[in-house]
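[1] Build me a model from this:
(2 chains)
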Amino acid sequence: QVQLQQSGPGLLKPSQTLSLTCAVSGDSLSSISAAWNWFRQSPSRGLEWLGRTSYRSKWHQDYADSVKSRININVDISKNLFFLQLNSVTAEDTAVYYCARDIDSSGWPHGEYYFYGLDVWGQGTTVAVSS
Amino acid sequence: EIVLTQSPGTLSLSPGETVTLSCRASEIVSTRYLAWYQQKPGQAPRLLIYGASSRATGIPDRFSGSGSGTNFTLTISGLEPEDFAVYYCQQFGGSPPLTFGGGTKVDIK
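    Residues are numbered from 1 along each chain as shown, chains lettered A, B, ... in the order given. Model (predicted):
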């Protein structure tokens, strides 16, 4: 059974860096069928995808345009952890943050692309940015 | 960016009723890219449907998805008390961004 366990601080001051960790059990970060995502959710922005990382013969990251200049997602293979780093936070970054796994076919040798959904989620971390 | 619009925003229904939720895309989305989720207060979203019509593991058969092109629906046949929640559609075709609809809240009348 795959599980994701999030950790990280819940209160930040403006201009600080948000750093969250997602610990993966039951799967490998380097699976060619999985990708590892970060999302946030707030009343004003709804459910917002921030970015994802995946291994398809090499590591690949995609980021949302809204945070592209401030975000980094990386992994620690030895500990089966992946991380979210969001720089220069403001009050607008206040939200509940989630990590999640998706399964897709991009690493498979044949066939059309198929997205099998975000099937495993972390428990969520409430992050507040306030001076 | 593909924008997903869900309607209505809120539905008030009674247990046992059947409900159909709508998700409209701003451009054609392959059925292979479309998923639906349920979210309850204080919880992460839960995958219900992928590939527009395939139920995820452990999802009861009262949940069904259909549609193609720019119009997709999620039907709950016979609402159970635990089904009152917010429902989101979502799409991803391999190229970012991954996007969600704004959600439809199904609450108890």
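[2] When you work out contacts or count neighbours from here on, use the C-alpha atoms and nothing else.
    Noted.
[3] near chain A, which residues of chain B show up?
    Counting by Cα under 8 Å from any Cα of the partner chain, the positions of chain B adjacent to chain A are B:32-35, B:43-47, B:49-51, B:92-94, B:96-100, B:102.
[4] so how far is stretch B:16-26 off the chain centroid?
    7 Å (Cα atoms, centre = their mean, to the nearest Å).
[5] circling back to that earlier point, which ChimeraX command selects the buried ones in the residues of chain B next to chain A?
    What follows is the ChimeraX syntax for the buried subset of these, where burial is set by 16 or more other Cα atoms under 10 Å in any protein chain shown:
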select /B:32,33,34,35,44,45,46,47,49,50,51,92,93,96,97,98,99,100,102
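[6] Among the residues of chain B next to chain A, name the ones in strands.
    B:Leu34, B:Ala35, B:Arg46, B:Leu47, B:Ile49, B:Tyr50, B:Thr99, B:Phe100 (DSSP state E).
[7] Kindly reformat those residues as a markdown table and extend each row with distance to B:Leu79 and pLDDT.
    Output for these, formatted as a markdown table (distance: Cα to Cα, whole Å; pLDDT from 0 to 100):
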| residue | distance to B:Leu79 | pLDDT |
| --- | --- | --- |
| B:Leu34 | 23 | 98 |
| B:Ala35 | 20 | 98 |
| B:Arg46 | 17 | 98 |
| B:Leu47 | 18 | 98 |
| B:Ile49 | 17 | 98 |
| B:Tyr50 | 20 | 98 |
| B:Thr99 | 27 | 97 |
| B:Phe100 | 23 | 98 |
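[8] Give me the three-state assignment for A:Ser44.
    Applying DSSP: H, G, I helix; E, B strand; the rest coil to A:Ser44 yields a three-state assignment of coil.
[9] so how far is A:Asp93 from it?
    According to Cα to Cα, to the nearest Å, A:Ser44 stands 11 Å off from A:Asp93.
[10] Between these two, which is the more surrounded one?
    A:Asp93 (22 against 8; other Cα atoms under 10 Å in any protein chain shown).
[11] Please name the nearest non-neighbouring residue to the more buried one.
    Nearest non-adjacent residue to A:Asp93, counting by Cα to Cα, 6 or more residues apart in numbering or on different chains: A:Val129, 6.8 Å away.
[12] residues near the one you found, how many?
    A:Val129 has 19 nearby residues by other Cα under 10 Å.
[13] What of A:Asp104?
    Around A:Asp104 there are 22 other residues, counting by other Cα under 10 Å.
[14] how about it, phi and psi?
    Per-residue torsions, A:Asp104: phi -140, psi 170 (degrees, to the nearest 10).
[15] and what of the one 10 residues further on?
    Per-residue torsions, A:Tyr114: phi -140, psi 130 (degrees, to the nearest 10).
[16] That one contacts A:Trp108, correct?
    No. Using Cα atoms under 8 Å, A:Tyr114 is not in contact with A:Trp108, being 10.1 Å away.
[17] Now do the contacts for A:Ser44.
    For A:Ser44, the contact set (Cα atoms under 8 Å, 6 or more residues apart in numbering or on different chains) is empty.
[18] A:Phe82 versus that one, what's the distance?
    27 Å.
[19] Mind pulling the model confidence for the most centrally placed residue in chain B?
    Centrality entry for chain B: nearest residue to the mean C-alpha point is B:Trp36, 3.7 Å, by Cα atoms, centre = their mean. Looking at B:Trp36, its pLDDT is 98.
[20] again with A:Gly107
    82.
[21] what about it, how many residues close to it?
    Neighbour count for A:Gly107, taken as other Cα under 10 Å: 16.
[22] does chain B sit close to stretch A:105-118?
    Yes. Applying Cα under 8 Å from any Cα, one finds stretch A:105-118 touching chain B at A:Ser106, A:Tyr113, A:Tyr114, A:Phe115, A:Tyr116, A:Gly117, A:Leu118.
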